[in-house]
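any chance you could fold what I've pasted below:
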Amino acid sequence: MDVITSRENPRIKRACALRDSEKQRAAAGLFFAEGPKLCLELARGCRAAELYATAPALAHTPALAALGPAVAEITQPVAEKLAGTRSTQGVFALFETPATDPAPLLATARRILALEAVQDPGNVGTLLRSAAAFGFDAVLLGPGCAAPFSPKVLRASMGAAGRLPLGVCADLPAALGALRGRGVACLAAALYKARPLDAVGTQFPGGVCVVIGSEGQGLSDAAIAACSAAVRIPMTDRVESLNAGVAGSILLWHFRGV
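You can find the predicted model right below:
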């Protein structure tokens, strides 16, 4: 096993660049993950390309050594550089980015989560985790969403991003139209001209797509118009709306049995 002791090692500098830049990740077809639990979870659905870990981390979690074809032991100063902080669990990996072509999902998925301009990585990660927990088949991400394989989204999703088929859509309303064309009910989460969730039911023989917009602006008019109906979560008048991750998770739970 290689041992890397220099913080200026080219492999370490490359891994840091992938950690920090979506452009670099897209060009390399790789994404960066940190932490033993997250890396092991991601390995269930993604192929590991490189693993970097301290000797104590490898001794504590021996399964890490089998994750990738290129495993290197690193010193604590190198681990601190990869983490960008002195607080680190000493485990880092580069994974091959899964395909994000939406076409197969639009043709076959039956329970779908669709996101439009959900920019907060915590919300995107939470929604991916909830979609996985409640048995959804796929997630569509429209323009303006946080990158699903960015470090912050990966941490919030607890590895769910690697276990769910994801499709990145350049035109979300068109994608929703395609789903409706094969009988999938597309339900927009909205506050106005929307039916209460408890009046909607869960009987959708062709499947269902839950459509969530940004916390600040909600869904665009075009996305709402492309949907079958708009739904809202009944609430007291103490708050105007819910966090996008919370609202979406409630909807995903409601439609888990469709």
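
what average pLDDT does stretch 235-242 get?
For stretch 235-242, the mean per-residue pLDDT is 81.

correction: stretch 118-129
Across stretch 118-129, the per-residue pLDDT values average to 96.

from the chain's centroid, how far away is that stretch?
Distance, stretch centre to chain centre, for stretch 118-129: 7 Å (Cα atoms, centre = their mean, to the nearest Å).

buried residues in that stretch?
Within stretch 118-129, the residues that qualify as buried are 118, 120, 121, 122, 123, 124, 125, 126, 127, 128, 129, counting by 16 or more other Cβ atoms under 10 Å. For the C-beta atoms, the positions are set from N, CA and C on the backbone; glycine is no exception.

list just the nearest of those residues to residue 166.
Of all the buried residues of stretch 118-129, residue 128 has the smallest distance to residue 166: 8.1 Å, by Cβ to Cβ.

ramachandran angles for the closest one?
Dihedral pair for residue 128: phi -60, psi -40, per degrees, to the nearest 10.

repeat that for residue 187.
phi -110, psi 120.

that one touches residue 212, doesn't it?
No: using Cβ atoms under 8 Å, residue 187 is not in contact with residue 212; the gap is 10.0 Å.

overlap of the contact sets of the two?
Here residue 187 and residue 212 have residue 251 as joint contacts, going by Cβ atoms under 8 Å, 6 or more residues apart in numbering.

what about these two, which has more around it?
A count of neighbours by other Cβ atoms under 10 Å puts residue 212 above the other of residue 187 and residue 212, at 29 against 25.

from residue 44, how far off is the more buried one?
Separation of residue 212 from residue 44 (Cβ to Cβ, to the nearest Å): 25 Å.

likewise residue 215?
Relative to residue 44, and taking Cβ to Cβ, residue 215 is found at 30 Å.

more neighbours: which of these two?
Shown here are residue 215 and residue 44; by other Cβ under 10 Å, residue 215 has more neighbours (18 against 9).

and that one, backbone torsions?
Dihedral pair for residue 215: phi -70, psi -40, per degrees, to the nearest 10.

tell me who's in contact with the residue nearest to it when sequence neighbours are not counted.
In this structure, residue 215 finds its nearest non-sequential neighbour in residue 244, 4.2 Å apart by Cβ to Cβ, 6 or more residues apart in numbering. Residues counted as contacts of residue 244 (Cβ under 8 Å, 6+ apart) are 118, 120, 123, 127, 212, 213, 214, 215.
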